[in-house]
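**Q** can you look at this prediction? I've put the sequence above it.
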Amino acid sequence: MIITELLAILSIAAATGLRLALPLLLIGLMSGPQLWVNVPLLSQLPPALVLGVLATWSAAELMLSKDRYSQRFFQILELVLSPGVGALAGIAIARTVGLDSRFNLLIGLISALLALVIQLLQVGLFFRPRRPPLWSFFAVDGLCIVLAVLAFDAPNQGGMIALLLLWLVIRTSYLWQQWPRRSKPKQ
């Protein structure tokens, strides 16, 4: 059924909205011996090179994103790259589950937009004057891993979590729009 495949695509797109390299690394590792054969650009590179770059980048994201100064660098980089990585990951999942290639453009666009809006929420939350607690960074890392694994093993649950994240983005953006109106003194 196409709904299950769409939920798997939403799950991996949400994971790429949280972290970039880790979902791509998990796509390759969970694909079996073929590694990144379904990922559009990564399939053209040697698998050993892709594995080394993604493992290094994932380790840097997981360790250095907790530091205040490197966190800013990673978030700006992730904000710029998240639509492209989201599109790649969405198309890779679509190819893995055997969806028709005519839908690749639409799948890439939906995945890119979902990854971008989740990344925008994350940047908005972490660029606030008060730094979030350290556990929230670990929660984002864990949620990214769970979403990437669920895209393969339980796409219905992963897609539902991705839709809940999208609802959280919409709700938070609505609240952010209301803050200036609430802070104005009444005359």
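**A** Yep, that arrived.
**Q** span of stretch 126-133 from start to end?
**A** Terminal residues of stretch 126-133 lie 10 Å apart, using C-alpha to C-alpha, to the nearest Å.
**Q** how much space separates the closest residue to residue 41 other than its chain neighbours from residue 134?
**A** Nearest residue to residue 41 in three dimensions, chain neighbours excluded: residue 88, at 6.3 Å (C-beta to C-beta, 6 or more residues apart in numbering). Any C-beta I mention is one placed from the backbone N, CA and C, and that applies to glycine too. Residue 88 sits 30 Å away from residue 134, going by C-beta to C-beta, to the nearest Å.
**Q** who has more neighbours out of these two?
**A** Neighbour count, other C-beta atoms under 10 Å: between residue 88 and residue 134, residue 88 has more, with 26 against 9.
**Q** pull out the buried residues from the strand or helix carrying the more buried one.
**A** If you go by DSSP states H and E, residue 88 is part of helix 68-97. Neighbour-count burial for helix 68-97, counted by 16 or more other C-beta atoms under 10 Å, picks out 71, 74-75, 78, 82-97.
**Q** after that helix, next one along is what?
**A** helix 104-126.
**Q** what is the helix or strand just after that following helix packed up against?
**A** Helices and strands here follow DSSP H and E; after helix 104-126, the next one along the chain is helix 134-153. Other helices and strands packing on helix 134-153, by 3 or more C-beta pairs under 8 Å, 6 or more residues apart in numbering; DSSP states H and E, are helix 2-18, helix 21-30, helix 155-183.
**Q** who's in contact with the residue nearest to residue 41?
**A** 24, 39-42, 108 (C-beta atoms under 8 Å, 6 or more residues apart in numbering).
**Q** again, only this time at 10 Å
**A** 12, 16, 20, 23-24, 27, 36, 38-42, 108, 111-112, 115 (C-beta atoms under 10 Å, 6 or more residues apart in numbering).
**Q** was I right about residue 12 contacting residue 145?
**A** No - contact criterion C-beta atoms under 10 Å: residue 12 and residue 145 do not qualify, at 11.8 Å.
**Q** need the overlap of contacts for those two.
**A** Between them, residue 12 and residue 145 share the contacting residues 23, 26, judged by C-beta under 10 Å, 6+ apart.
**Q** between the two, which one's more packed in?
**A** Shown here are residue 12 and residue 145; by other C-beta under 10 Å, residue 12 has more neighbours (35 against 17).
**Q** not counting its neighbours along the chain, what's nearest the more buried one?
**A** residue 151 (4.1 Å).
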